[in-house]
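Enquirer: This is a predicted model, with the sequence first.
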Amino acid sequence: AAAKGADRIKVAPMFGRSDSAWSEVRSFYAHWEHFVSGKSFAFGDRWKLSDAPNREVRRMMERENKKERARLRKEFNAQVQELVSFVKKRDERVKARKLEEAQRREREARELEERIASQAAAREASRQKRFADDADDELRA
């Protein structure tokens, strides 16, 4: 009998090496940052359902067990996310990528400013030329 949700289990990408391509690093962190456990967490059940004296009590036991499983799953997933965050914060490949991105953004901002300044200078030169041409036309008339 296959475990519930076994058909949706994905193979986790490898952590990679210090010289791994950014696509590998990104896929590793994307997988683990969105990780959700497929475990049942049945080990956390507080009640043994076969001990219930009647259906009403058994359903109450099931609800409490379900709540406890959800709490344990949430706690486990939070621990995984904390671990991923801890590792990512210290990963030199991520630090290098962030630095590259910051430098690229600065360079693009500088280039945009230069382009805007050159366009403004061209408009001003054009305006000056039109003004000079208009002045020449007035003198000739």
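Expert: That came through fine.
Enquirer: The most centrally placed residue in the chain sits in which helix or strand?
Expert: In the chain, the residue lying closest to the centroid (Cα atoms, centre = their mean) is Ala30, at 6.6 Å. Element membership for Ala30, per DSSP states H and E: helix 22-33.
Enquirer: Can you tell me which helices and strands the helix or strand just after that helix packs against?
Expert: The C-terminal neighbour of helix 22-33 among helices and strands, as given by DSSP H and E, is helix 55-90. For helix 55-90, the elements it packs on are helix 22-33, judged by 3 or more Cβ pairs under 8 Å, 6 or more residues apart in numbering; DSSP states H and E. To be clear about C-beta, it is placed using only N, CA and C from the backbone, and glycine gets the same treatment.
Enquirer: Which strands or helices does the longest helix seen in the chain pack on?
Expert: Selection of the longest helix in the chain by residue count, based on DSSP state H, yields helix 92-140. Contacts defined by 3+ Cβ pairs under 8 Å, 6+ apart place helix 92-140 against helix 22-33.
Enquirer: if we look at the helix it packs on, which residues are touching it?
Expert: 10, 12-16, 80-81, 84, 88, 91, 93-94, 97 (Cβ atoms under 8 Å, 6 or more residues apart in numbering).
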